[in-house]
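Novice: with the sequence up front, the predicted model follows.
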Amino acid sequence: MTGHGHGHRHSRWRPHSHDSADRVDHALETSRRGVRALVWSFAALFATAVAQLVLVLITGSVALLGDTIHNFADALTAVPLGIAFLLGRRAATRRYTYGLGRAEDLAGLVVVLVVAASAAAVGYESVLRLLDPRPVGHLWVVAVAGVVGFAGNELVARYRIKVGREIGSAALVADGLHARTDGFTSLAVVVGAAGVALGFPAADPIVGLGITVAILFVLRDAAKEVFRRLLDAVDPASVELAERTAREVDGVLGTRDLRMRWIGHHLRAELAVTVAADLTVAAAHALAHDVEHRLLHTIPRLAAVVVHTEPAVGAERVHKTLAHHH
């Protein structure tokens with residue numbers, strides 16, 4: 001026997017929490033949670049922006065107007081993420097054999113671009129305000145509006161990051177980090193208003209420049225999260241745990257070539273396990289099932305595993321022959 005590839009979904013094996021139907025339900029549930037997080041956070045940000053808009057009409061503050069427009073734009077980043085979560089629910093096809101889970105990574109990229117645009121916009125406005133100072137009226141109202149903006153964004157940020165981490169969505173975490181930067185932008189409006197009240201009109205644009213730097217730091221974190229996912233990075237601890245778990249299965253003599261990747265907010269894995277050379281195909285098949293079963297129960301958010309079994313004696317010769325033919 002030269003080897004045995006295995007990647008069944010257990011639907012004909014003994015029933016347990018990882019059969020096909022349950023796994024589809026789990027995928028639907030995680031995307032439902034993601035969509036729910038987006039809907040609630042969209043509503044919260046939209047309400048925050050509307051409240052700020054009312055106060056803009058009272059004060060005529062350009063800084064506050066900028067922050068309000070910013071919050072409306074941020075509420076709208078929920079749209080590409082929502083589309084990605086809905087696409088991720090679609091079944092695999094002959095063309096998209098892994099499904100459309102990676103639409104989430106593209107949505108994360110959109111979020112990163114929006115954060116970068118936010119940094120550019122705040123920086124540009126701040127420099128303009130330094131070169132051409134403008135008076136701001138009703139400073140207390142401006143300050144209250146800034147606090148409202150900060151509170152709304154921080155609540156949304158915490159909610160998105162928490163759900164994003166729980167369901168394994170890098171894009172949702174990036175959008176949560178994005179909301180947090182917007183909270184800082186709103187807080188800058190408060191600090192700027194305080195500076196103006198104390199007779200220092202340049203406080204507003206100087207604080208704006210400081211916020212630009214803060215947004216750039218958050219941009220770095222969000223970009224790291226999203227680009228790692230795009231480049232198939234996984235937590236090395238999960239890889240080590242998977243190797244250790246496979247080796248602990250009775251009958252497995254060794255493991256090699258373990259690979260893992262994210263598709264949407266679920267992990268997929270493939271690995272080769274070495275087994276006794278005198279095993280029958282049926283026994284090797286059953287052993288592959290055992291390895292898959294153990295991995296699915298041990299590795300968080302792992303949705304599918306392909307196990308390749310190869311004999312302890314003779315496998316290297318077969319591999320060399322195949323390499324020579326290629």
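Specialist: Sure, I can see it.
Novice: helices of the stretch 201-326 of the chain, start to end?
Specialist: Remark: helices assigned in the stretch 201-326 of the chain by DSSP state H, counting those that start in this stretch are 203-230, 236-247, 281-298, 315-325.
Novice: swap that for the stretch 51-200 of the chain, sorry
Specialist: Using DSSP H, counting those that start in this stretch, the helices of the stretch 51-200 of the chain run over 62-76, 78-88, 103-131, 139-167, 170-197.
Novice: most tightly packed of the ones you listed?
Specialist: Burial of these is given as mean neighbour count (mean count of other Cβ atoms under 10 Å); helix 170-197 ranks first at a mean of 25. Just so you know, the C-beta spots here come from the backbone N, C-alpha and C atoms, and that holds for glycine as well.
Novice: can you list the weak-confidence ranges in the protein?
Specialist: 1-28, 60, 62-63, 134-137, 314-326 (pLDDT under 70).
Novice: kindly recompute the last result at 50.
Specialist: For the chain, the stretches with pLDDT under 50 are 1-4, 7-23.
Novice: tell me the centre residue of it?
Specialist: Here the mean C-alpha position of the chain is nearest to the C-alpha of Ala170 (Cα atoms, centre = their mean), at a distance of 1.0 Å.
Novice: what's the residue of the chain most remote from its centre sitting at in phi/psi?
Specialist: For the chain, the largest distance from the centre (Cα atoms, centre = their mean) belongs to Asp278, which lies 45.2 Å off. Asp278 adopts backbone torsions of phi -90, psi 10, taken as degrees, to the nearest 10.
Novice: look up the closest residue to the residue nearest to the centre of the chain, ignoring the ones flanking it.
Specialist: In this structure, Ala170 finds its nearest non-sequential neighbour in Arg229, 4.2 Å apart by Cβ to Cβ, 6 or more residues apart in numbering.
Novice: tell me the spacing between the one you found and Glu270.
Specialist: Distance, Arg229 to Glu270, using Cβ to Cβ, to the nearest Å: 18 Å.
Novice: counting neighbours, what do you get for His297?
Specialist: Other residues within reach of His297, judged by other Cβ atoms under 10 Å, total 12.
Novice: hmm, I was thinking of Ser61
Specialist: Applying the criterion other Cβ under 10 Å, we find 28 residues in the vicinity of Ser61.
Novice: I'd assumed Val144 was in contact with it.
Specialist: No: checked against Cβ atoms under 8 Å, the pair Ser61 and Val144 is beyond contact range at 11.4 Å.
Novice: the nearest residue to Leu109 once chain neighbours are set aside and Arg102, how far apart?
Specialist: Closest residue in space to Leu109, ignoring its immediate chain neighbours: Val226 at 6.1 Å, by Cβ to Cβ, 6+ apart. For Val226, the distance to Arg102 (Cβ to Cβ) stands at 12 Å.
Novice: burial measure for the residue nearest to Leu109, as a count.
Specialist: Neighbour count for Val226, taken as other Cβ under 10 Å: 24.
Novice: try Val213
Specialist: 11.
Novice: any idea how far it lies from Val291?
Specialist: For Val213 relative to Val291 (Cβ to Cβ), the value is 49 Å.
Novice: also Ala276?
Specialist: Separation of Ala276 from Val291 (Cβ to Cβ): 14 Å.
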